[in-house]
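> sequence plus the predicted model coming up.
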Amino acid sequence: MSDTHSKKVSESEVTMTELVLPNHTNPLGNLLGGQLMYWIDICAALCSSRHANMVCVTASVDKIDFHHPIKLGDVVTLVASVNRVFRSSLEVGVKIFSETFAGGKKRHTNSAYLTFVAINSEGRPVEAIKVIPETEDEKRRYDEAEKRRMLRLQNKDIT
């Protein structure tokens with residue numbers, strides 16, 4: 001168990017499972033991108049808030065990659081974990097998998113990176129609990145999050 005100033009990545013990971021129903025799809029029977037983005041935001045918000053032990057709000061969505069379509073009737077599993085904590089902001093990565101019951105085929109369909117800010121009861125940003133990456137994959141994501149942050153900050157200066 002970690003101390004009150006830091007948590008392991010695994011301590012705040014969130015897994016969410018959804019079934020793709022007809023009202024989630026376009027006329028081709030594919031999951032609507034907006035519906036998936038909604039699920040991604042919810043899963044990532046739960047993860048960041050679990051990590052920070054307080055409400056966290058979405059500050060930005062860097063990137064959502066759509067690798068494969070998700071079909072009507074598929075089961076969608078979203079796995080969110082904190083990649084890195086800066087001061088009050090947390091980068092959360094979400095991996096999305098689809099699975100068909102017929103044949104049991106499971107594949108990685110999407111990835112997304114979101115930034116959240118830890119907020120106190122007055123609505124002000126506060127310092128977030130640090131994250132401790134343990135596995136090689138967690139350490140790689142931790143390092144890559146710094147690079148993405150630098151790009152976000154550079155792009156912020158341009159606009």
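Yes, it's here. Everything numeric here is computed off the predicted structure, so don't read it as measured data.
> and stretch 97-116, end to end?
One end of stretch 97-116 to the other measures 22 Å (C-alpha to C-alpha, to the nearest Å).
> go on, stretch 66-82?
Using C-alpha to C-alpha, the distance between the terminal residues of stretch 66-82 is 21 Å.
> which parts of it are buried?
Ile70, Asp74, Val76, Thr77, Leu78, Val79, Ala80, Ser81, Val82 (16 or more other C-beta atoms under 10 Å). Quick note: C-beta positions are derived from backbone N, CA and C, even for glycine.
> quick check, the last one in a strand?
Translated: Val82. Yes - under DSSP: H, G, I helix; E, B strand; the rest coil, Val82 falls within a strand.
> and it, what pLDDT?
Looking at Val82, its pLDDT is 98.
> distance of it from Phe101?
31 Å (C-beta to C-beta, to the nearest Å).
> give me the low-pLDDT residue ranges for this structure?
Low-confidence segments of the chain (pLDDT under 70): 1-4, 156-159.
> can you give me the strands for it?
Taking DSSP state E as the test, the strands found in the chain are 6-8, 14-19, 56-66, 75-85, 89-99, 106-118, 130-132.
> turn those strands into a markdown table, columns for distance to Gln35.
Formatted as a markdown table, these follow (distance: least, C-beta to C-beta, whole Å):
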| stretch | distance to Gln35 |
| --- | --- |
| strand 6-8 | 30 |
| strand 14-19 | 9 |
| strand 56-66 | 12 |
| strand 75-85 | 9 |
| strand 89-99 | 12 |
| strand 106-118 | 12 |
| strand 130-132 | 29 |
